[in-house]
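Visitor: coordinates only, no sequence provided:
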């Protein structure tokens, strides 16, 4: 095993964080029965919060952030994995309280890992990343709630973000008619290239709304929360549901009971961090099969490990479109 490896490390404390790319030794990694040679990670919204200290994501210092990674097993004491296996990890507190993916080496419990589908290389798996995996969980929940392509328009909020973009691509590939809600109307061509049938300004959904609006959505993937989610719920068709996975606008939900008791709508919470392994494997197999890889590649930008500190604030400001892959080896 390598004597040292490169890692991006956040040190200091919650009030005074310092971010550096440095050399670490494997004996500084945390407990786990599988060691992975990391090839790629990603930049997600939560990673942006961790790197900038804008929210208390990191629980202990020093820590290697990065809530997901893909790579090759280097050593294993876990019965399911052997050296040479390709694996992917999302969540489980990695990059928050356990050293994460912004390093050339990671050590984790094998139960946290998912075998990488054969049709996905590590780079493309991280182009999907936690954002795409979360989008797939949203689609699975909507399907389980009865959503079908002939039901009408499905709205995706925060459409220019990673979850939103991949949700659009997945839904369109499955035959749904998708409306993209965004604050970046200049990105209309990009969103339509993903398959969105039309674009609406987020202002239509982000302000104060009525307890019950005009019914117009057969389903929704919401990455924003707060008033946006409340307005989406008030405009769902009878019996429709919204899958909620984000809180970019806020953690509150200023809604009423009207949509639930007058239109029988559903609010489906989607958690990607602690989802059980069987659901994770289902999501990744569907992503490998159902996601248009050309569209995925078109929405993906690659950066180096050392670029992360300067780019982290951009994702929080909503300036990053699509997905950002991090090559931890350059």
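Guide: Looks like it arrived, so ask away. Source: prediction; values computed, not measured.
Visitor: what segments of the stretch 101-250 of the chain are strands?
Guide: For the stretch 101-250 of the chain, strands defined by DSSP state E, counting those that start in this stretch occupy the ranges 105-108, 114-115, 153-156, 177-182, 198-201, 217-222, 236-244.
Visitor: packing partners for the fourth one?
Guide: So the one you mean is strand 177-182. Under the contact criterion of 3 or more CB pairs under 8 Å, 6 or more residues apart in numbering; DSSP states H and E, strand 177-182 touches strand 153-156, helix 162-173, strand 198-201. C-beta coordinates here come from the backbone N, C-alpha and C atoms, glycine included.
Visitor: picking up where we left off before, ok, which of the strands of the stretch 101-250 of the chain comes nearest residue 69?
Guide: strand 105-108 (5.9 Å; CB to CB).
Visitor: mind listing what's buried in the closest one?
Guide: 105-108 (16 or more other CB atoms under 10 Å).
Visitor: for stretch 81-96, same thing?
Guide: 81, 85-92, 94-96.
Visitor: same check on stretch 45-64?
Guide: For stretch 45-64, by 16+ other CB under 10 Å, it's 45-53, 57-58, 62-64.
Visitor: just flag the most distant two among those residues.
Guide: So, the buried residues of stretch 45-64 by CB to CB: farthest apart are 45 and 62, at 22.4 Å.
Visitor: residue 198 versus the residue nearest the centre of the chain, what's the distance?
Guide: The centre of the chain sits closest to residue 131, judged by CA atoms, centre = their mean, with a distance of 1.8 Å. Noted for residue 131: a distance of 23 Å to residue 198, by CB to CB, to the nearest Å.
Visitor: what about stretch 145-157, average pLDDT?
Guide: For stretch 145-157, mean pLDDT is 97.
Visitor: what residues sit buried inside that stretch?
Guide: Within stretch 145-157, the residues scored as buried using 16+ other CB under 10 Å are 145, 147, 151-157.
Visitor: what does that stretch contact?
Guide: 142, 164, 167-168, 171, 174-181, 196-197, 200, 202, 205, 216-224, 228-229, 232, 237, 239-241, 266, 268 (CB atoms under 8 Å, 6 or more residues apart in numbering).
Visitor: show the buried residues in those residues.
Guide: 142, 164, 167-168, 171, 174, 176-181, 196, 200, 202, 205, 217-224, 228-229, 232, 237, 240-241, 266, 268.
Visitor: what about stretch 32-52, how long is it end to end?
Guide: 27 Å (CA to CA, to the nearest Å).
Visitor: quick one: residues in contact with stretch 40-47.
Guide: 57, 65-71, 95, 100-102, 122-123, 125-127, 129-131, 161-162, 246, 248, 303, 308, 311-312, 315-316, 320, 323-328.
Visitor: buried among those residues? Need that as a selection in ChimeraX.
Guide: Buried residues within those, by 16+ other CB under 10 Å, are selected in ChimeraX with:
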select :57,65,66,67,68,69,70,71,95,100,101,102,122,125,126,127,129,130,131,161,162,246,248,303,308,311,312,315,316,320,323,324,325,326,327,328
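Visitor: was I right about residue 60 contacting residue 96?
Guide: No: taking contacts as CB atoms under 8 Å, residue 60 lies outside contact range of residue 96: 9.1 Å.
Visitor: nearest residue to residue 301 other than its sequence neighbours?
Guide: In space, and not counting its chain neighbours, residue 301 is closest to residue 324: 5.2 Å by CB to CB, 6 or more residues apart in numbering.
Visitor: check contacts around the one you found.
Guide: Counted by CB under 8 Å, 6+ apart, residue 324 has contacts 42-43, 162, 300-303, 311, 315.
Visitor: could you do residue 160 as well?
Guide: So residue 160 contacts 182-184, 187, 190-191, 318, 321-322 (CB under 8 Å, 6+ apart).
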